[in-house]
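Next one to model:
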Amino acid sequence: MHPSKTIIWIIVGIAGLVVVLLAFRAGVMVGYHQAEYSDEWEHFHGTPPMRLLNDHGAAGVITAISAVRDATSTVTIHDAHDGVDKIVLVPAGMMNTASSTISLQIGQNIAVIGVPNTQGEIIASIIRLLPPPPSQQ
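Numbers count the residues shown, from 1 in each chain. As a prediction, this is how the structure comes out:
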């Protein structure tokens, strides 16, 4: 017994609808988390961002460095893309260890990729030193 073409088209249509709905749901989840980060950023920094902020990274110039709890360093970066200052938490294991000779200084250009926390900060996973922009060379 062969299934009719109508039944095959119905099954293909339902499968396509499921794929579209899953893609839509993934987009909603990403947008929700980005909006949640921007809202937390406003709560802890006192001013609303002009648009949704990139919550997983920053690239720009270091404007301040300080040590905080558990030997974690706090680095403030003026993000060139978003135009705002972002706070990056750098775990102790990333700074001046035998396997990593990174030494951050005020005025350096860096790129950071990490995970956002509930205080609107980025917990660094990867830090890369960048050359200065052409106007500063």
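
separation between residue 88 and residue 3?
57 Å (C-beta to C-beta, to the nearest Å). (C-beta placed from N, C-alpha, C; glycine too.)

Can you pick out the residue with more neighbours from these two?
Between residue 88 and residue 3, counted using other C-beta atoms under 10 Å, residue 88 has the larger neighbour count: 23 against 9.

for the helix or strand containing that one, packing partners?
Element membership for residue 88, per DSSP states H and E: strand 85-90. Strand 85-90 sits against strand 57-67, strand 73-79, strand 109-116, strand 122-130, with contacts defined as 3 or more C-beta pairs under 8 Å, 6 or more residues apart in numbering; DSSP states H and E.

Out of these, which is closest to residue 32?
With C-beta to C-beta as the criterion, residue 32 lies closest to strand 109-116 of the helices and strands packed on strand 85-90, at 12.8 Å.
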